[in-house]
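# okay, predicted coordinates and the sequence, questions at the end:
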Amino acid sequence: MSTLIFWTRVFFSIIFSILGIIMIIRALQTFGTDYMSVVYLYFPEESKIQNHEIYSVIRHPTYGGYLPPGLGGLFFTFTLYSIIFYLMFLLSFYLHIHFVEENELLTRFGQLYREYLKNAPAFLLNLINKGFFSAF
């Protein structure tokens, strides 16, 4: 029984890690290194709202790509410390996105971005458009 549990944990760990790495690589290929290195923060006058279709499914595709490998690590070790660490990891992502990045985008783009917040989830996929996401 313990062998089955071990290999199940390894399986989920590998699946989540591969999914996250693929998401990060695709985000780099799609948006480029300038966008991914948040150049828009240093040159806000040159920034504009991105309209790639991936944003209809998930608001933060790169950050969403960082979360599955962490979940894979949680499955692999599956200790109280790994659960606490992953929850802290999620909380830190949420706090940074909500209080830093999205506030700046709301200030910069106003009502247009406020409407977008209602339509696209931050990290979890919008399951209605999951077919498009798999193509991404």
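In hand now; what should we look at? Numbers count the residues shown, from 1 in each chain.
# just the mean pLDDT for stretch 71-79, thanks.
The average pLDDT within stretch 71-79 is 87.
# what lies in contact with it?
9-10, 12-17, 20, 82-83, 85-86 (C-beta atoms under 8 Å, 6 or more residues apart in numbering). In this view, the C-beta of every residue, glycine as well, is placed from N, C-alpha and C.
# how about the helices in the chain?
Taking DSSP state H as the test, the helices found in the chain are 2-36, 39-42, 61-77, 80-96, 102-109, 111-119, 130-135.
# go through those helices and pick out the most buried.
Each of the helices of the chain was given a mean neighbour count from mean count of other C-beta atoms under 10 Å, and the largest, a mean of 19, is that of helix 61-77.
# CA atoms of it as PDB?
Presented in PDB, the C-alpha positions along helix 61-77 are these (Å, rounded to 0.1, in the frame of the first residue of the first chain):
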ATOM      1  CA  PRO A  61      -0.600  33.100 -17.000                       C
ATOM      2  CA  THR A  62       3.000  33.300 -15.800                       C
ATOM      3  CA  TYR A  63       2.200  33.400 -12.100                       C
ATOM      4  CA  GLY A  64      -0.300  30.600 -12.800                       C
ATOM      5  CA  GLY A  65       2.600  28.700 -14.200                       C
ATOM      6  CA  TYR A  66       4.600  29.100 -11.000                       C
ATOM      7  CA  LEU A  67       1.900  27.500  -8.900                       C
ATOM      8  CA  PRO A  68       1.700  24.000 -10.300                       C
ATOM      9  CA  PRO A  69       5.400  23.100  -9.700                       C
ATOM     10  CA  GLY A  70       4.900  24.200  -6.100                       C
ATOM     11  CA  LEU A  71       1.900  22.000  -5.900                       C
ATOM     12  CA  GLY A  72       4.000  19.200  -7.400                       C
ATOM     13  CA  GLY A  73       6.500  19.700  -4.600                       C
ATOM     14  CA  LEU A  74       3.700  19.600  -2.000                       C
ATOM     15  CA  PHE A  75       2.500  16.200  -3.400                       C
ATOM     16  CA  PHE A  76       6.000  14.800  -3.500                       C
ATOM     17  CA  THR A  77       6.900  15.600   0.100                       C
END
